[in-house]
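> structural data only, the sequence is not supplied:
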């Protein structure tokens with residue numbers, strides 16, 4: 001429990017720091033994550049597959065157990081055969097085998113745990129943590145000035161390389177010169193779009209859909225009971241509305257003879 005609290009606090013502190021840095025530098029507007037994916041079991045299952053194949057190599061999800069994936073419609077056999085590469089026990093947590101010291105040397109920092117990543121990246125005025133992740137994972141581009149060869153519009157000078165580049169293909173960012181709105185005598189560089197230099201295995205629409213599935217899984221993983229909580233909340237509100245009506249009528253009946 002203590003370890004989980006420490007992870008949550010660290011994620012929140014990092015989120016605040018990143019949000020402040022983005023706000024100070026202007027940043028980019030976050031795209032809206034399609035929220036309906038979080039209740040789509042097929043999307044969550046595809047997101048789990050993408051997470052295990054592309055994220056779990058370096059990032060752990062130390063507070064999520066493999067057997068919890070049964071909540072998104074997967075059988076224990078499907079989990080064992082398709083999603084478990086670092087352990088053979090379905091009750092184990094999603095830990096990663098990478099050496100933290102080596103990871104820090106390679107990437108400049110130890111890759112964070114992703115169990116609650118979607119809950120820790122929200123920023124006032126910009127969007128939810130899911131919006132941030134949906135934007136971040138889709139705005140990588142080639143940058144030969146960086147050690148990894150990659151950069152990102154949502155997280156400039158990011159240390160993490162683009163692990164899904166084969167699916168999206170390789171792009172470069174193009175910038176245009178525009179007058180500075182604060183000083184018309186000067187010009188500023190403004191992002192003008194991406195230019196595809198090599199194709200990916202997926203079309204742009206397919207890649208965006210895949211990222212939406214991955215982010216949906218990350219959102220679900222931060223609170224696996226959220227869909228059940230929402231459904232239960234609807235019934236609670238219906239009950240309270242009905243009980244309020246009954247209490248109102250009882251109150252009228254008790255006090256009808258009192259003038």
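That came in fine, so what should we check first? As the structure is a prediction and not an experimental result, all values here were calculated from the model.
> low-confidence ranges in the chain?
1-27, 259 (pLDDT under 70).
> for it, longest strand please?
With residue count as the measure and DSSP state E as the assignment, the chain has strand 183-198 as its longest strand.
> buried residues in the helix or strand just after that strand?
Using DSSP states H and E, the helix or strand that follows strand 183-198 in sequence is helix 204-222. Using 16 or more other C-beta atoms under 10 Å as the test for burial, helix 204-222 gives 207-222. All C-beta spots, glycine's among them, are computed from the backbone N, C-alpha and C.
> for the stretch 101-250 of the chain, just list every one of the helices.
Secondary structure of the stretch 101-250 of the chain, counting by DSSP state H, counting those that start in this stretch: helices at 129-136, 165-168, 204-222, 226-255.
> now do the buried residues in the shortest one.
In this case it means helix 165-168. When neighbours are counted by 16+ other C-beta under 10 Å, the buried residues of helix 165-168 are found to be 165, 167, 168.
> among those, which one lies nearest to residue 138?
residue 168 (7.8 Å; C-beta to C-beta).
> so that closest one touches residue 162, yeah?
Yes: if you go by C-beta atoms under 8 Å, residue 168 and residue 162 touch, sitting 7.4 Å apart.
> from residue 185, how far out is residue 55?
Using C-beta to C-beta, to the nearest Å, residue 55 is found at 47 Å from residue 185.
> out of the two, which sits in the busier spot?
Between residue 55 and residue 185, residue 55 has the larger neighbour count (other C-beta atoms under 10 Å), namely 22 against 6.
> need the contact list for that one.
Applying C-beta atoms under 8 Å, 6 or more residues apart in numbering, we find residue 55 in contact with 114, 163, 214.
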